[in-house]
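Q: Mind looking at a prediction? Sequence and model below.
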Amino acid sequence: MKKIMRIALVVLGIGAGAASLYTYQLYKNVEQTANAIYEPLTPGPIAQTQPAQQAQPAQAALLPAGRTAAPDEQKVEPQGEKPLSILLFGVDKRGADAGRSDTIIYLVSNPELRQTLMFSIPRDTRTQIADIGGQDKINHAYAFGGMSSTVRTVESFLATPIDYYVKVDMEGFLNIIDSLGGVVIDNERAFSYEGFQFQKGKIALDGKMALAYARMRHDDPEGDFGRNKRQQLIIQQLMNKAKEISTVNKLDKVLADVGASVKTNLTFDDMKNLMFHYKAALDQVHVLRINGQGEMLNGIYYYAVPEEERSRIKSQIDAVLRGTW
């Protein structure tokens, strides 16, 4: 019996050592991927805000260190459980083109409220573009100055600072969805697109189907707004997946796909902080819509957002940041 116990203890010891080694290696893999996808924002001139956006941001203290002069030059200290904002940005590449900034989603999370506010900014929204001193479609900011210009432009449009950005190559995004085992969404209306049939109701999507589901726009009665809602559904399901313990077992594959398709100014420490302190904020995700109207200027279509609507959206953001929502 004692011999059997010794053998059992040795086996358990080997198992524990192997588990520790695997955990350590997994940790190092995550750290390496985080370092590989880290891309700080570059400094640029402070764009003049529009008339409706003259108020000082209520949460200026949340700006990453150095943002007023040289973004991301200094290390960002972990924010604990303070509210924070993230700009999700999708670049859609097809064939050999350089890519289009088709998806702009703003998230503001408050762990103490256990709530997150999410909304899409229509890509045709006409606003002041950072760094060029003129107005254009908001998604053109990426062409003028990459993510740094995009972040500054959205900050000006919302009159609110952005803590972090995450840029995703939509073609690579499908691999991440596959790595997580796909997503299940509740589809509002049946349609077909790029050879796929999407029935009304609960449907399971793999990566290729999810990308087609998120892309369709012209056959949607709501146009860009319909597409934005479908993109938000996928994002919400991916956030739910991120909270599942079973996802940890898929981390190696997910990390490989993330490294090939994501850039962010989140450091490894920032990511750990989000993992430990911000899961609760995903318990309730509230989706808003930015209201406006289409207009033609010099033969070009724009989406015009009135000043009172920008003020309404900003008041919702501020309420989440202050914890009074």
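A: Done, it's in. Numbers count the residues shown, from 1 in each chain.
Q: Next up, phi/psi of Asn35, please.
A: Backbone geometry at Asn35, expressed as degrees, to the nearest 10, gives phi -70, psi -30.
Q: contacting residues for the closest residue to it other than its chain neighbours?
A: Once flanking residues are discounted, Asn35 sits nearest to Phe268: 6.6 Å by Cβ to Cβ, 6 or more residues apart in numbering. Where C-beta positions appear, they are placed from N, C-alpha and C, glycine not excepted. Going by Cβ atoms under 8 Å, 6 or more residues apart in numbering, Phe268 touches Val30, Glu31, Ala34, Asn35, Tyr38.
Q: Columns neighbour count on top of the residues you listed, output as a markdown table?
A: Below are the contacts of Phe268 laid out as a markdown table (neighbours: other Cβ atoms under 10 Å):
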| residue | neighbour count |
| --- | --- |
| Val30 | 19 |
| Glu31 | 14 |
| Ala34 | 20 |
| Asn35 | 11 |
| Tyr38 | 16 |
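Q: Among those residues, give me the pair with the biggest separation.
A: Val30 and Tyr38 (12.5 Å; Cβ to Cβ).
Q: which residue is nearest the middle of the chain?
A: With distances taken as Cα atoms, centre = their mean, Leu88 lies nearest the centre of the chain, 2.8 Å away.
Q: Count the neighbours of the closest residue to Phe144 other than its chain neighbours for me.
A: Using Cβ to Cβ, 6+ apart and skipping residues adjacent in sequence, the residue nearest Phe144 is Ile132, 5.5 Å away. Neighbour count for Ile132, taken as other Cβ atoms under 10 Å: 16.
Q: Isn't Tyr302 up against Arg123?
A: No - look at Tyr302 against Arg123 with Cβ atoms under 8 Å: they stay out of range, at 10.5 Å.
Q: Which neighbours do those two have in common?
A: Lys137.
Q: could you pull out the helices for this structure?
A: 2-37, 141-158, 170-179, 207-215, 224-242, 251-261, 268-277, 307-322 (DSSP state H).
Q: pLDDT at the closest residue to Thr127 other than its chain neighbours, what is it?
A: Spatial nearest neighbour of Thr127, excluding adjacent residues (Cβ to Cβ, 6+ apart): Phe157 at 4.7 Å. In this model, Phe157 is scored at 95, pLDDT.
Q: what's the distance between Phe157 and Ile313?
A: From Phe157 across to Ile313, the span is 9 Å (Cβ to Cβ, to the nearest Å).
Q: same check, this time on Gly181
A: With distances taken as Cβ to Cβ, Gly181 is found 34 Å from Ile313.
Q: of these two, who's got more company?
A: Counted by other Cβ under 10 Å, Gly181 and Ile313 do not tie: Ile313 has more neighbours, with 22 against 14.
Q: for the protein, what are the low-confidence residue spans?
A: Along the chain, segments meeting pLDDT under 70 span 1-26, 44-80, 93-101, 242-252.
Q: What residues sit buried inside the lengthiest strand in it?
A: Ranked by residue count under DSSP state E, the longest strand found in the chain is strand 100-110. By neighbour count on 16 or more other Cβ atoms under 10 Å, the buried set for strand 100-110 is Arg100, Ser101, Asp102, Thr103, Ile104, Ile105, Tyr106, Leu107, Val108, Ser109, Asn110.
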